[in-house]
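In: got a structure for you, letters missing:
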């Protein structure tokens, strides 16, 4: 896809700092990192988001992520890191080619996930679970 930033990086049309690659995925440094060393695992096959990621790619993406995460932990003596993906504009996705972030974390780095946790009213936990279960498919 000629208009996709990651497809252009994969085609070597745009420069990137490649950390690791296998036949299914490439790991690159994020050019706008949360912390230095922030890496992205990008599947070679274009897919818009997690729901379009082919099942046969799951293992390869996570394998690459684990290899890169181990290197980040060793390189920066990390005590922690985050793995995450943004799916859809409202969730913060800005490049519409699935990618998995690996972000180094440090004590007092002022990165916070500010959450306002909710509690289900009586019976809603069960009703919500039933609704979701109706839509579970394995194909």
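Out: Received, thanks. These numbers were taken from a predicted model, which means no experiment stands behind them.
In: which residues sit in contact with the residue nearest the centre of the chain?
Out: Nearest to the mean C-alpha position of the chain, counting by CA atoms, centre = their mean, stands residue 100 at 1.9 Å. With contact taken as CB atoms under 8 Å, 6 or more residues apart in numbering, residue 100 is in contact with 40, 41, 61, 65, 83, 84, 85. Just so you know, the C-beta spots here come from the backbone N, C-alpha and C atoms, and that holds for glycine as well.
In: now do residue 96
Out: By CB under 8 Å, 6+ apart, the contact list for residue 96 reads 4, 48, 49.
In: how close does the residue nearest to the centre of the chain sit to residue 69?
Out: 10 Å (CB to CB, to the nearest Å).
In: phi, psi of the most far-flung residue of the chain relative to its centre?
Out: In the chain, the residue that sits farthest from the middle, by CA atoms, centre = their mean, is residue 122; the gap is 34.4 Å. Phi and psi for residue 122, reported as degrees, to the nearest 10, are phi -50, psi 130.
In: thinking again about what came up before, look up the closest residue to the residue nearest to the centre of the chain, ignoring the ones flanking it.
Out: residue 41 (4.2 Å; CB to CB, 6 or more residues apart in numbering).
In: Three-state assignment for the one you found, please.
Out: strand (DSSP: H, G, I helix; E, B strand; the rest coil).
In: just residue 51 next, same as before
Out: Once three-state DSSP is applied, residue 51 turns out helix.
In: Cool, thanks, signing off.
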